[in-house]
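**Student:** Got a sequence here, can you model it:
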Amino acid sequence: MSGEYLITILKPMLEGAQATILLFFIAIVLSIPLGFLLTLAVKSSIKPISWLAQAYIYVMRGTPLLLQLLVITFGLPMIPVVGEYLILDRFVAASLGFILNYAAYFAEIFRGGLLSIDKGQYEAAKVLGFNKWQTTTRIILPQMFRIALPAVANESVTLVKDTALLYAVAVPELLHFAQTAVNRDFTILPFFVAGIIYLIMTLLLTSVFKLLEKRYRFE
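**Tutor:** You can find the predicted model right below:
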């Protein structure tokens, strides 16, 4: 294949990669704080709130992300009476699906980070005169985020790869343009190009998280 052909297929694929990158940033920026709120809800002393949060996490982690995307994109508009008000733009629907799904996974990551902190930390903070808010914000949360960072990094890399599911709900993204080129030109080269683009994105993301881990590593 000539370099001219490579440039021809690369241009639309890079345009599709913009949708991939945009979805990633939207999902990561919104799902992480939502996941933390879910963690707090699970640990809430108000039992109904804790049960609802646990049920939500169980459902979102126990069903395929693709199914959730299909329900939000195509299923919600079919609900009687209110369905007509639930018709969303495909990209918006997909973003919502990713946010709700990954929030559940981040919630479990943060919960694991909290559980790994020794109970003595709370007792020591109390002895030093810290109130509950100071203990949480100055001692517990910084340690929790440090502990959870590697798992957050792994989940974020998975998120980059999962953006390929946009193809299933008819959102033009990287894989969509690769598949179009394959069908049109009867060559597998576009798939390899798409794979390289995904590898570059995950490499950059992994490098960023490695720097963060190095920055916040325990002395």
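**Student:** From Met60, how far off is Asp89?
**Tutor:** 22 Å (CB to CB, to the nearest Å). Just so you know, the C-beta spots here come from the backbone N, C-alpha and C atoms, and that holds for glycine as well.
**Student:** Same check on Phe36?
**Tutor:** 15 Å.
**Student:** go on, Ile197?
**Tutor:** 28 Å.
**Student:** and if you look at Glu15?
**Tutor:** For Glu15, the distance to Met60 (CB to CB) stands at 31 Å.
**Student:** quick one: which of these two has more around it?
**Tutor:** Met60 (19 against 13; other CB atoms under 10 Å).
**Student:** which other residues reach the helix or strand harbouring that one?
**Tutor:** According to DSSP states H and E, Met60 maps onto helix 47-62. Residues outside helix 47-62 that contact it (CB atoms under 8 Å, 6 or more residues apart in numbering): 38, 41-44, 68, 100-101, 103-105, 107-108.
**Student:** Just the buried ones from these?
**Tutor:** Using 16 or more other CB atoms under 10 Å as the burial test, the contacts of helix 47-62 include 38, 41-42, 68, 100-101, 103-105, 107-108 as buried.
**Student:** Inside helices: which ones of those residues?
**Tutor:** Members of those lying in helices (criterion: DSSP state H): 38, 41-42, 68, 100-101, 103-105, 107-108.
**Student:** Could you check which helix or strand contains Leu96?
**Tutor:** Element membership of Leu96, judged by DSSP H and E, is helix 90-115.
**Student:** In that helix, which residues are buried?
**Tutor:** Quick answer for helix 90-115 (16+ other CB under 10 Å): 91, 93-111, 113-114.
**Student:** Ok, stretch 123-137 next?
**Tutor:** 125, 130, 135.
**Student:** End to end on that stretch, go ahead and measure it.
**Tutor:** 15 Å (CA to CA, to the nearest Å).
**Student:** who's in contact with it?
**Tutor:** Here stretch 123-137 has contacts from 122, 138-139, using CB under 8 Å, 6+ apart.
**Student:** Adding neighbour count and pLDDT, write the residues you listed out as a markdown table.
**Tutor:** A markdown table is the format used below for those (neighbours: other CB atoms under 10 Å; pLDDT from 0 to 100):
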| residue | neighbour count | pLDDT |
| --- | --- | --- |
| Tyr122 | 16 | 73 |
| Arg138 | 11 | 77 |
| Ile139 | 17 | 79 |
